[in-house]
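S.K.: Pasted the sequence and its predicted model underneath.
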Amino acid sequence: MADEERPRRRQARGERRMAEILTAAARVFADIGYEAATTNRIAAAAGISPGSLYQFFANKEAIAQALADRFVADMGAAHREAFDSLDFAALELPELVDRMADPIVAFNLANPGFKALFARPDMPPGLAAAARPIQAALLGRVEKMIAVRAPDLPAADRARTARVLVRVFQAMISMVTAADEAERPAEIREMKKVLLGYLEPVVGRSGS
């Protein structure tokens with residue numbers, strides 16, 4: 001039994017170390033950019049030696065790809081939590097906005113380097129493209145919500161409303177993540193007021 005436990009403990013330690021490296025890399029990439037970042041800088045931010053880093057990642061490109069994969073998986077999970085179990089027709093609009101926004105706000109607060117990292121012009125195109133399918137899926141989920149709440153709305157108007165809503169959210173989430181902890185709840189409330197004010201004329205306030 002003890003012999004079986006040791007490999008599992010080593011594996012768990014390795015997974016924790018990889019997560020620490022990726023978290024440090026997100027900070028470094030966001031702070032100084034992808035091109036300026038080095039594996040030595042990332043190792044220092046993670047509190048390990050470059051040699052220890054190379055036990056897990058061959059180079060900076062491998063770190064960035066693993067980071068993109070982690071962000072995309074976590075973002076997809078946040079989107080599913082935000083939309084996939086909701087009864088769009090039954091909920092009052094304020095509650096619907098709360099339940100759609102809260103998981104995605106939580107993702108952005110837990111991953112402060114995400115937006116800064118993937119919005120940078122010096123990121124390799126392949127990595128910047130990694131989030132596009134998830135963003136397309138998010139638009140699809142928002143369009144579905146609008147279709148359920150406003151079934152007579154033409155498809156073109158529905159798609160446009162979804163795009164604007166997502167863009168408004170993306171613009172305001174930067175304000176939320178930049179706010180200090182004391183101010184952040186107020187910023188989140190203001191963001192939800194804006195989303196609610198934009199959606200209500202289109203989809204109505206009351207559920208069915």
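M.R.: Ah, there it is.
S.K.: May I ask you to confirm that Pro103 is in contact with Ala82?
M.R.: Yes. Applying CB atoms under 8 Å as the test, Pro103 and Ala82 come out as touching, 4.3 Å apart. C-betas here are computed from N, CA, C, even on glycine.
S.K.: out of these two, which sits in the busier spot?
M.R.: Neighbours were counted for Pro103 and for Ala82 using other CB atoms under 10 Å; Ala82 has more, 21 against 16.
S.K.: Can you identify the element that follows the helix or strand containing the more buried one toward the C-terminus?
M.R.: Element membership for Ala82 (DSSP states H and E) is helix 60-83. Scanning forward in sequence from helix 60-83 by DSSP H and E, the next helix or strand is helix 93-110.
S.K.: What mean pLDDT does that next one get?
M.R.: In this model, helix 93-110 carries a mean pLDDT of 94.
S.K.: who does the helix holding Ala82 touch, helix- and strand-wise?
M.R.: Where contact means 3 or more CB pairs under 8 Å, 6 or more residues apart in numbering; DSSP states H and E, helix 60-83 is packed against helix 2-32, helix 39-46, helix 93-110, helix 113-118, helix 125-128, helix 132-149.
S.K.: 10 Å - rerun?
M.R.: When contacts are defined as 3 or more CB pairs under 10 Å, 6 or more residues apart in numbering; DSSP states H and E, helix 60-83 packs onto helix 2-32, helix 39-46, helix 50-54, helix 93-110, helix 113-118, helix 125-128, helix 132-149.
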